[in-house]
Every structure is written in structure tokens, then in C-alpha cells.
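A.B. asks: Provide a 3D model corresponding to the input given below.
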Amino acid sequence: MDIQRIVSELKKERDHLDRVIALLARTGEGGNPSEGSRSRATTRVPTKKRHLTPQGRKRLSDLMKKRWAERRKKNSSSRKQPPKAA
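C.D. replies: Here you go, the predicted structure:
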């Protein structure tokens, strides 16, 4: 085993870790934004809220009523109705 080589590699690794730690410490203190200190939430552009017009709301309501009526009709024909108690 070459102990000098191992020590040299360990020192390189230590230096690398020191640089990474310094970079992380800097970004936590408001360092250079180009180095990844910005989070996604701060860079997101707010989107416009969409609102339904009264005509669109009526159209959607009619479509949903039609859909649920078809579903009720399909389910009622596939089930047997229990006899009504008098």
C-alpha cells in the first residue's frame, strides 16, 4: 500500500468538501443567485386565475347534469329494483 498516495487522495477529498461546505454556507447567507441559491418558489411567475363566465358556468352545468342523468339511467337499468313495501 502506498500510504502517501492515500493521504494525498484524502486531502484532495477534504479540500473538495471544504469548497462545497463554503459554497453551501454562502448560499444560505444570500450568496450569488447564479450558484443555485434561488428556490423554485421565488422564480415562479404568478399565473392568471381563470374565471368562468356565466355562460360557461351554465354550459358546464348542463353538460354535468346530462352526464349524471346518463349514469343514473345506466345504473338503474343494470340493477334490480327491490319490491316496495306497502
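A.B. asks: which residue ranges of this structure form helices?
C.D. replies: For the chain, the helices defined by DSSP state H occupy 3-28, 40-43, 54-78.
A.B. asks: centre of the chain to the longest one, how far?
C.D. replies: Counting by Cα atoms, centre = their mean, to the nearest Å, helix 3-28 is centred 34 Å from the centre of its parent chain.
A.B. asks: any weak-confidence spans in this protein?
C.D. replies: Applying pLDDT under 70 to the chain flags residues 1, 29-43, 79-86.
A.B. asks: now stretch 63-71: buried residues?
C.D. replies: By neighbour count, with 16 or more other Cβ atoms under 10 Å as the criterion, stretch 63-71 contains no buried position. From N, CA and C alone the C-beta is placed, and that goes for glycine too.
A.B. asks: centre of the chain versus that stretch, how much separation?
C.D. replies: Counting by Cα atoms, centre = their mean, stretch 63-71 comes out at 32 Å from the chain centroid.
A.B. asks: so how far is residue 44 from residue 13?
C.D. replies: 37 Å (Cβ to Cβ, to the nearest Å).
A.B. asks: brain fart, residue 78
C.D. replies: Per Cβ to Cβ, residue 78 is found 47 Å from residue 44.
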